[in-house]
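**Q** My questions are about this predicted structure, shown below with the sequence.
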Amino acid sequence: MFRYLLLLFLALATACKKNEVQSDQKALLSFSFTKSANPSLIADVSGMISGSQVTIMLPAGTKVNALKATFSSSPLSTVSIGGMRQESGVTSNDFTSPVIYRITAEDGSTVDYSVKVAVAKSGEKLITAFSFLKSANPELPSDISFTINGTQFAAVLPVGQKAIGLKASFTVSPLAIVTVNGAKQENGMTSNDFSTPLTYRVTAEDGSSTDYTATVTVQVPVLSAAKDLLNFSLIFKSFSSKEIESTGKISAQKISLFLPPNTNIQNVKPTFTISDKATVQVNGQNQSSGQSAIDLSKPVLYRVIAEDKTTKDYEVTGISIDQTIDNLLQKFMTQYSVTGLSFSMTRNERLVYSKGYGLADKSTNEAVNVNSLFRVASVSKPITAIAIMKLIEEGKLSLDSKVFGAGSIFGTKYGAAPYLSGYESITVKQILEHTSGLATNDSNDPMGISAFDLTQDQVIDNTVRTRALLATPGTKYSYSNFGYCVLGRIIEKVSGTSYINYLQENIFTPSGISTIQVTGNTINTRKPNEVIYYNSKYNPYGINVARMDSHGGLIASSIDLVKLLTRVDGFAGKADILKPETINTMTKYNATAGYSLGWSVNSSNNWWHTGSIQGTSSEIVRANNGFSWAIITNSGCIDCGDNYWIDLDQLGWQIQSLISQWPEYDLF
């Protein structure tokens with residue numbers, strides 16, 4: 001029974017469904033392109049539906065190859081194109097040609113709508129930029145821009161340029177075309193004659209047009225009256241072969257120009273700049289910067305001639321300090337029979353003078369030059385002191401460090417317990433200031449009397465074992481070469497390298513110095529550029545000078561020495577290689593001895609040191625007025641007496657008193 005009732009129910013339901021009526025509605029109710037679905041549009045645009053035709057007009061310039069239509073159709077209907085279902089505001093189509101939208105009703109019937117999209121033609125016809133570019137017109141010196149005032153364009157060409165055969169570069173409205181006298185114009189390519197005003201017609205896509213007039217004028221030349229001498233200088237090579245400029249001071253049409261050492265003042269080739277389009281003459285002869293030679297042994301009149309032929313005169317005076325310094329130094333050399341001499345001076349840490357005098361080698365007549373190397377004798381001592389102070393800064397040493405005996409720098413390397421009285425209390429500071437009591441520079445100086453072939457270690461060991469101290473350490477000033485030999489070995493002990501290597505790596509290289517080194521003992525072992533030494537009484541090559549390294553065995557040029565002074569002088573111009581507090585400690589004035597740590601120092605805060613061995617005399621000075629200088633000779637004057645050293649010392653001070661004007665260049 002239940003099975004029968006179920007079949008009856010299904011039959012009734014099927015009969016009812018067959019009687020339902022399906023919708024045949026299939027109209028396209030609305031059609032548009034919205035900005036939200038098409039960001040390239042500036043606003044929503046609605047289409048017009050007429051029968052089965054849909055037309056829609058889009059703004060000029062709109063791209064129609066990928067638009068998303070927004071539409072509505074009859075309820076229960078679907079929309080497709082070419083069998084592909086369309087989603088309103090989602091599906092993208094190409095509307096370049098009419099598109100058929102098929103509306104399918106619920107009952108399966110269909111109707112087609114033809115959608116035709118048109119794009120409005122542009123009416124824009126603007127020229128927004130107009131110029132002559134050098135890339136299109138190589139004959140122009142640069143790009144030429146036009147000023148735009150409404151429909152009038154104007155540009156000015158430089159003097160001498162021609163206005164024919166020029167190619168204009170321009171920017172116009174999209175889809176517009178440009179013509180001149182009916183000929184189409186290509187941006188940056190079409191050549192025209194601009195010697196008279198030219199009409200550019202811009203035709204919009206919709207056929208409307210606007211005319212623009214381009215007017216080009218050529219500058220009329222104006223003769224310049226400018227006739228100034230703007231810069232006057234002398235370019236020359238420094239001692240390191242770098243170019244240096246000595247700049248002339250120009251004041252009220254008078255120019256003073258410093259001439260560097262060794263300049264041939266009768267053949268000077270100045271470098272100058274003058275007003276544009278002006279020329280320069282000396283005695284009616286045209287002058288070329290850096291090429292024309294003049295004689296500056298007397299003032300020279302430079303005439304600057306403007307383009308308009310008016311003139312302006314400048315008087316140029318050369319200033320040379322050579323003669324003043326030459327006279328002093330050559331007088332000194334003659335008085336004391338000095339064979340060769342090197343002198344260098346700095347002012348405010350700039351090298352203002354350096355020159356060699358006399359002979360480096362009598363046998364060949366080789367002259368001393370600024371790069372000649374000399375034994376500097378005891379001028380080696382302040383250099384050693386600088387190295388000791390550097391090690392103290394590095395924390396490898398202290399002024400109070402003990403030197404000999406158990407627990408000292410050397411321990412028991414030199415001598416043996418029990419030590420002679422006082423040796424175990426000697427400090428680094430006492431050796432630096434010559435108050436250690438160690439052997440002094442008398443006829444028994446161990447650095448001079450020790451056998452030629454003894455090493456430094458052997459000399460020190462023998463002396464510590466056998467020589468009693470001259471005084472209790474710290475109580476008496478007594479100048480000691482031997483003490484500074486010990487300092488050299490201290491440098492080697494705490495640095496782990498040789499004396500000269502430590503100096504080169506930590507003192508000389510940071511100061512820009514490459515030639516200070518230890519000398520050779522014989523004439524045949526002298527270094528490149530080293531002079532030959534002369535002495536009428538003592539043989540300069542009969543002593544072991546190399547063994548004297550840290551107290552008297554270095555060689556240097558006078559430039560080397562003043563360059564080093566600029567890096568330890570405490571002045572502000574160039575960075576020092578020691579800290580200010582270290583320099584102050586090293587050069588603190590000692591009223592009793594007049595000697596600090598490696599330097600003679602007076603109450604005026606002037607520092608100096610002299611040096612003398614067979615065939616050599618030397619002095620370096622750091623003055624409190626910003627001057628420093630170095631003098632070295634290759635003729636020893638051990639028996640010349642005090643007058644020699646007084647006169648040698650006075651040379652630098654006399655030069656300062658005689659010269660009132662100093663150059664601003666830096667010969668370094």
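**A** Received, thanks.

**Q** What segments of the stretch 501-650 of the chain are helices?
**A** 549-552, 558-566, 580-586, 642-658 (DSSP state H, counting those that start in this stretch).

**Q** should've said the chain
**A** Applying DSSP state H to the chain gives helices spanning 2-18, 322-336, 380-393, 428-432, 446-449, 456-466, 481-495, 499-503, 549-552, 558-566, 580-586, 642-658.

**Q** Would you mind giving those as JSON lines with mean neighbour count and mean pLDDT added?
**A** Backbone N, C-alpha and C define where each C-beta goes, glycine included. As requested, those are arranged in JSON lines below (neighbours: other C-beta atoms under 10 Å; pLDDT from 0 to 100):
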{"stretch": "helix 2-18", "mean neighbour count": "9", "mean pLDDT": "48"}
{"stretch": "helix 322-336", "mean neighbour count": "15", "mean pLDDT": "95"}
{"stretch": "helix 380-393", "mean neighbour count": "24", "mean pLDDT": "98"}
{"stretch": "helix 428-432", "mean neighbour count": "23", "mean pLDDT": "98"}
{"stretch": "helix 446-449", "mean neighbour count": "18", "mean pLDDT": "86"}
{"stretch": "helix 456-466", "mean neighbour count": "18", "mean pLDDT": "95"}
{"stretch": "helix 481-495", "mean neighbour count": "23", "mean pLDDT": "97"}
{"stretch": "helix 499-503", "mean neighbour count": "21", "mean pLDDT": "98"}
{"stretch": "helix 549-552", "mean neighbour count": "26", "mean pLDDT": "96"}
{"stretch": "helix 558-566", "mean neighbour count": "26", "mean pLDDT": "97"}
{"stretch": "helix 580-586", "mean neighbour count": "16", "mean pLDDT": "97"}
{"stretch": "helix 642-658", "mean neighbour count": "15", "mean pLDDT": "94"}
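
**Q** can you put the ones you listed in a markdown table and add distance to residue 525?
**A** Formatted as a markdown table, these follow (distance: least, C-beta to C-beta, whole Å):
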| stretch | distance to residue 525 |
| --- | --- |
| helix 2-18 | 127 |
| helix 322-336 | 27 |
| helix 380-393 | 18 |
| helix 428-432 | 29 |
| helix 446-449 | 19 |
| helix 456-466 | 18 |
| helix 481-495 | 20 |
| helix 499-503 | 15 |
| helix 549-552 | 14 |
| helix 558-566 | 20 |
| helix 580-586 | 33 |
| helix 642-658 | 28 |
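
**Q** do you know which of the ones you listed lies nearest residue 238?
**A** helix 558-566 (10.1 Å; C-beta to C-beta).

**Q** And stretch 100-116, what's buried?
**A** 101, 102, 103, 104, 105, 106, 111, 113, 115 (16 or more other C-beta atoms under 10 Å).

**Q** hang on, the earlier thing: of all the helices of the chain, which one comes closest to residue 123?
**A** Closest to residue 123 of the helices of the chain, according to C-beta to C-beta: helix 2-18, at 61.9 Å.

**Q** closest one to residue 340 among the helices of the stretch 501-650 of the chain?
**A** Of the helices of the stretch 501-650 of the chain, nearest to residue 340 by C-beta to C-beta is helix 558-566, at 11.5 Å.

**Q** orientation of the closest one relative to helix 380-393 in degrees?
**A** In terms of direction (axes from the mean of the first three to the mean of the last three C-alpha atoms, to 10 degrees), helix 558-566 departs from helix 380-393 by 40 degrees.

**Q** picking up where we left off before, go through the buried residues of stretch 100-116 and say which is closest to residue 468.
**A** For the buried residues of stretch 100-116, the nearest to residue 468 is residue 115 (124.1 Å; C-beta to C-beta).

**Q** Tally up the residues packed near the residue lying closest to that closest one once chain neighbours are set aside, please.
**A** Nearest residue to residue 115 in three dimensions, chain neighbours excluded: residue 54, at 4.4 Å (C-beta to C-beta, 6 or more residues apart in numbering). Residue 54: 22 surrounding residues under other C-beta atoms under 10 Å.

**Q** and residue 54, what does it touch?
**A** 28, 31, 47, 48, 101, 113, 114, 115, 116 (C-beta atoms under 8 Å, 6 or more residues apart in numbering).

**Q** unless I'm mixing things up, the second one is touching residue 68, no?
**A** No. Judged on C-beta atoms under 8 Å, residue 31 makes no contact with residue 68 at a distance of 12.0 Å.

**Q** quick one: which of the two has more around it?
**A** Higher neighbour count among residue 31 and residue 68: residue 31, with 21 against 17, using other C-beta under 10 Å.

**Q** For residue 54, see how far away residue 40 is.
**A** Counting by C-beta to C-beta, to the nearest Å, the gap from residue 40 to residue 54 is 21 Å.

**Q** How about residue 538?
**A** 123 Å.

**Q** can you map out the strands along the stretch 201-350 of the chain?
**A** Ranges of strands within the stretch 201-350 of the chain are 209-218, 229-237, 243-247, 249-251, 254-259, 271-274, 279-282, 285-286, 300-305, 311-320, 340-347, 350-361, based on DSSP state E, counting those that start in this stretch.

**Q** and the first one, which strands flank it?
**A** Okay, so that is strand 209-218. Strand 209-218 sits in its sheet next to strand 152-157 (parallel), strand 198-203 (antiparallel), going by DSSP bridges.

**Q** Any idea which of the ones you listed gets closest to residue 461?
**A** Nearest to residue 461 among those is strand 152-157 (91.5 Å), distances taken as C-beta to C-beta.

**Q** Pull out the buried positions in that closest one.
**A** By neighbour count on 16+ other C-beta under 10 Å, the buried set for strand 152-157 is 153, 155, 157.

**Q** How far off centre is that strand?
**A** Mean C-alpha position of strand 152-157 versus that of the full chain (C-alpha atoms, centre = their mean, to the nearest Å) differs by 43 Å.

**Q** Need the residues that contact stretch 68-81.
**A** With C-beta under 8 Å, 6+ apart, stretch 68-81 has contacts from 23, 25-34, 37-38, 85-86, 88-93, 99-106, 115.

**Q** Next one: the residue nearest to residue 115 from residue 95, what distance?
**A** For residue 54, the distance to residue 95 - C-beta to C-beta - is 11 Å.

**Q** Spit out the residues that contact these two alike.
**A** residue 115.

**Q** hey, what's the residue lying closest to residue 243 once chain neighbours are set aside bridged with?
**A** Excluding its sequence neighbours, the residue lying closest to residue 243 (C-beta to C-beta, 6+ apart) is residue 235, at 5.7 Å. According to DSSP bridges, residue 245 are recorded as the beta-bridge partners of residue 235.

**Q** and residue 235, how many neighbours?
**A** Other residues close to residue 235 by other C-beta under 10 Å number 13.

**Q** before we move on, what about residue 614?
**A** Residues lying near residue 614 (other C-beta under 10 Å) number 19.

**Q** Tell me if I'm right that it and residue 536 touch.
**A** No. With contacts defined as C-beta under 8 Å, residue 614 does not count as touching residue 536, sitting 10.4 Å away.

**Q** which residues are contacting stretch 430-439?
**A** Counting by C-beta under 8 Å, 6+ apart, 385, 388, 399, 403, 422, 426-427, 445-446, 463, 467, 469-480, 482-484, 486-487, 590, 593, 595-598 sit against stretch 430-439.

**Q** burial measure for residue 190, as a count.
**A** 16.

**Q** my guess is it contacts residue 166, does it?
**A** No. At 9.9 Å, residue 190 does not count as touching residue 166 under the criterion of C-beta under 8 Å.

**Q** What is the burial count for the closest residue in space to residue 479 that isn't next to it in sequence?
**A** Among residues not flanking residue 479 along the chain, residue 434 sits closest, at 5.0 Å (C-beta to C-beta, 6+ apart). Other residues within reach of residue 434, judged by other C-beta under 10 Å, total 23.
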